[in-house]
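1. okay, here's the prediction I keep looking at, along with the sequence it came from:
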Amino acid sequence: MCLHLELRTFRAVLLCFATLASAQSVSQIQPSDYAIESQVRGLPVISDQRVLHASLLGQSSPEHSEALQQRPGTIIGTILDQSGAVSVGARVRLTREGQSLSQDVVSGNNGQFSFPNVPPGPFQLAVTSSGFGSQTFSGDLNPGQTFLVPPIVMAVAKAEVEVRVGVDDVQVAEEQIKEQEKQRVFGFIPNFYVSYVPDAAPLTAKQKFKLGWKVAKDPISLVGVGALAGFQQAANDLPGYGQGAQGYAKRYGAAYANAFAGIFVGNAILPSLLRQDPRYFYKGTGSTRSRILYAMRSSVVCKGDNGRWQPNYSGILGSIAVGGISNIYYPRGDRSGAGLVFQNALIRIAQGSFGGIFQEFVLPKLTPRFKQKNPQQQP
């Protein structure tokens with residue numbers, strides 16, 4: 001009996017020592033040991049022993065709860081086209097609310113895309129692909145969640161077709177020439193080389209020659225040349241031609257040759273080569289002084305085919321050329337030297353300046369077919 005009692009007492013003592021040893025071993029666990037275990041399990045490292053004890057006892061601390069709320073998640077999805085087939089190579093951009101940085105991936109052969117390690121919170125996906133309209137999707141990723149995005153179907157982009165309805169500049173110029181050919185002072189004297197449209201379309205070389213020929217063969221032009229030849233014969237100008245019908249015919253031929261050369265050299269040939277516009281562009285606005293200066297400079301300044309103002313090389317060289325050409329058919333005794341050629345050229349330039357003043361202030365009032373200027377130019 002005594003032996004049995006002693007054995008029971010000895011066993012109780014051993015059990016007490018074992019319990020004390022177990023409790024002591026738990027209390028002596030180091031934070032570093034838990035840190036290693038936490039890293040292996042993917043949990044945050046907690047250095048506070050109170051938190052550690054709470055974790056071991058199955059309790060939740062504020063630090064541990066906050067760590068759980070920040071666990072990253074994953075976003076996956078699939079891109080399809082309208083037929084239901086997977087869309088390969090679509091670019092998917094992930095942006096997060098309040099973040100300026102973004103992530104881009106490209107859908108794979110199965111049309112899928114994936115964004116791992118995404119912090120929790122609201123996000124937006126923007127999907128683009130060549131030939132398709134862009135698509136967007138918004139969602140809210142929970143901590144540690146694998147967010148499966150519903151299939152994103154790409155719609156075919158709407159074709160944008162721009163149709164420009166207009167006419168070619170050549171056609172515009174052709175219509176404007178037709179209007180100019182109706183412009184006649186007093187209703188019968190041709191006034192074709194003036195444009196009442198400030199931004200008229202430039203003339204092609206063909207149109208410049210066509211307009212020149214229209215002026216040269218106009219019946220009123222022929223009558224005017226005949227009147228000039230009559231005055232010359234009455235004043236016995238160019239006496240080398242003599243008098244009578246033969247003298248008149250020679251004077252008529254010389255006067256017409258001068259007019260023809262002036263029209264084609266100064267208004268067709270040189271303007272085509274130098275890309276200049278032979279027309280006078282009616283101003284019609286501004287002060288009287290500004291309009292007079294504008295008209296007077298028209299013989300030395302012209303508009304180029306590019307729409308810019310430039311020296312009127314065509315008009316100046318044309319005036320000189322006409323004087324030189326006239327020496328070919330004038331009587332030997334009436335031919336002028338080089339000095340007189342340049343003198344006559346200066347006279348023609350001055351006449352062009354005064355002609356500009358008439359075009360600006362007088363002739364529009366005497367031209368029934370006068371076309372009103374562009375409404376944008378109205379004062």
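-> Received, thanks.

2. all the strands of the stretch 1-150 of the chain, residue numbers only.
-> 73-81, 91-96, 102-106, 112-118, 121-128, 135-141, 146-148 (DSSP state E, counting those that start in this stretch).

3. strand partners of the second one, parallel vs antiparallel please.
-> Strand 91-96 has the following strand partners under DSSP bridges: strand 102-106 (antiparallel), strand 121-128 (antiparallel).

4. which one of these is the most hemmed in?
-> When the strands paired with strand 91-96 are scored by mean count of other CB atoms under 10 Å, the highest mean neighbour count falls to strand 121-128 (a mean of 17). Every residue, glycine included, has its C-beta placed from N, CA and C.

5. show me the strands in the stretch 251-379 of the chain, by range?
-> Using DSSP E, counting those that start in this stretch, the strands of the stretch 251-379 of the chain run over residues 280-281, 301-303, 309-311.

6. out of the ones you listed, nearest to Arg184?
-> With CB to CB, the closest approach to Arg184 among the strands of the stretch 251-379 of the chain belongs to strand 280-281: 15.5 Å.

7. that older thread, present the strands of the stretch 251-379 of the chain as a markdown table; the columns should include distance to Ser65, mean neighbour count and mean pLDDT.
-> Listed next are the strands of the stretch 251-379 of the chain as a markdown table, based on distance: least, CB to CB, whole Å; neighbours: other CB atoms under 10 Å; pLDDT from 0 to 100:
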| stretch | distance to Ser65 | mean neighbour count | mean pLDDT |
| --- | --- | --- | --- |
| strand 280-281 | 85 | 22 | 95 |
| strand 301-303 | 83 | 19 | 95 |
| strand 309-311 | 81 | 13 | 96 |
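
8. I'd like to know which of those strands is closest to Ala235.
-> Among these, strand 280-281 sits nearest to Ala235 (CB to CB), with 30.1 Å.

9. what strands line up against that closest one, and which way round?
-> With DSSP bridges as the test, strand 280-281 pairs up with strand 194-195 (parallel).

10. quick one: least confident helix or strand in the protein?
-> helix 31-41 (a mean of 41; mean pLDDT, DSSP states H and E).

11. next, format the strands paired with strand 91-96 as JSON lines and append mean pLDDT and distance to Gln176.
-> Listed next are the strands paired with strand 91-96 as JSON lines, based on pLDDT from 0 to 100; distance: least, CB to CB, whole Å:
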{"stretch": "strand 102-106", "mean pLDDT": "91", "distance to Gln176": "56"}
{"stretch": "strand 121-128", "mean pLDDT": "92", "distance to Gln176": "49"}
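
12. I'd like the ones you listed as JSON lines, with distance to Val88 appended.
-> Below are these laid out as JSON lines (distance: least, CB to CB, whole Å):
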{"stretch": "strand 102-106", "distance to Val88": "8"}
{"stretch": "strand 121-128", "distance to Val88": "13"}
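
13. pLDDT below threshold where in this structure?
-> Within the chain, the ranges that satisfy pLDDT under 70 run 1-64, 158-167, 340, 369-379.

14. what about the helices in it?
-> Secondary structure of the chain by DSSP state H: the helices cover 2-27, 31-41, 49-56, 62-69, 169-180, 205-216, 219-234, 244-264, 270-274, 288-296, 313-329, 338-361, 363-366.

15. list the buried residues for the last one?
-> Going back to what we said before, that points to helix 363-366. Neighbour counts using 16 or more other CB atoms under 10 Å place 363-364 of helix 363-366 among the buried residues.

16. give me the contacts around that helix.
-> With contact meaning CB atoms under 8 Å, 6 or more residues apart in numbering, helix 363-366 is reached by 185-186, 191, 194, 196, 282, 284, 370.

17. and for stretch 136-154?
-> With CB under 8 Å, 6+ apart as the criterion, stretch 136-154 contacts 68-82, 87, 90, 118-127, 129, 132-133, 135.
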